[in-house]
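> test case, fold it:
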Amino acid sequence: MSGTEEIGCCGAYCGTCREYRNTCKGCKTGYLDGSRDLSRAKCRMKKCCLARGHVTCGDCGEYESCETIQSFLNHPGYKYGKYQQALEYIRAHGHAAFLNMAEHWTGAYGKYPEQDT
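Got it, this is the predicted structure:
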């Protein structure tokens, strides 16, 4: 997947997470190679995204009308707005551009170029 396993279905960037590097399996590890059973996953968003073969929910043609992702993104809190911003950036610029930008972040979300926000 060319590094895209570090992008969560929700748009979070897992590449900066210490737990991801050491103990966390993230939302994709094991599901992509079949060593974990996707039907046993608890996250509806992950199950849908991976079952459809998407890297993120932003890749789905039903993104704007999907009750699951829109419900998640409409939670109150700063991080949900940042996840939405990530998904919108991915939709506009692609996974490679997102990964190139995110490699400089220190957390699950970061700053976007001013002209692209």
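> can we go C-alpha only for contacts and neighbour counts from here?
Noted.
> after the helix ranked longest in the chain, which helix or strand is next?
The single longest helix within the chain, with elements called by DSSP state H, is helix 78-93. Per DSSP states H and E, the first helix or strand lying C-terminal to helix 78-93 is helix 95-102.
> show me what that next one is packed up against.
helix 78-93 (3 or more C-alpha pairs under 8 Å, 6 or more residues apart in numbering; DSSP states H and E).
> flag every buried residue along the helix it packs on.
Neighbour counts using 16 or more other C-alpha atoms under 10 Å place 80, 82, 83, 84, 85, 86, 87, 88, 89, 90, 91 of helix 78-93 among the buried residues.
> need the residues that contact it.
10-12, 56-59, 72-74, 97-98, 109-110, 116-117 (C-alpha atoms under 8 Å, 6 or more residues apart in numbering).
> switch the cut-off to 6 Å
Residues outside helix 78-93 that contact it (C-alpha atoms under 6 Å, 6 or more residues apart in numbering): 11, 12, 58, 73.
> all strands for the chain, in order.
Ranges of strands in the chain, per DSSP state E: none exist.
> gap between residue 17 and residue 26?
10 Å (C-alpha to C-alpha, to the nearest Å).
> that should have said residue 37, apologies.
For residue 37 relative to residue 26 (C-alpha to C-alpha), the value is 14 Å.
> and the two? Which one has more around it.
Counted by other C-alpha atoms under 10 Å, residue 37 and residue 26 do not tie: residue 26 has more neighbours, with 19 against 11.
> not counting sequence-adjacent ones, nearest residue to residue 98?
Spatial nearest neighbour of residue 98, chain neighbours left out: residue 90 (6.0 Å); criterion: C-alpha to C-alpha, 6 or more residues apart in numbering.
> so which residues make contact with the lowest-mean-pLDDT helix or strand in the chain?
Least confident element among the helices and strands of the chain, by mean pLDDT, DSSP states H and E: helix 18-22 (a mean of 79). By C-alpha under 6 Å, 6+ apart, no surrounding residue is in contact with helix 18-22.
> in PDB, list the C-alpha atoms belonging to it.
The C-alpha trace of helix 18-22 is given here as PDB (Å, rounded to 0.1, in the frame of the first residue of the first chain):
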ATOM      1  CA  ARG A  18       4.800   5.900  19.500                       C
ATOM      2  CA  GLU A  19       2.300   3.200  20.300                       C
ATOM      3  CA  TYR A  20       1.700   2.400  16.600                       C
ATOM      4  CA  ARG A  21       5.400   1.900  16.100                       C
ATOM      5  CA  ASN A  22       5.700  -0.400  19.200                       C
END
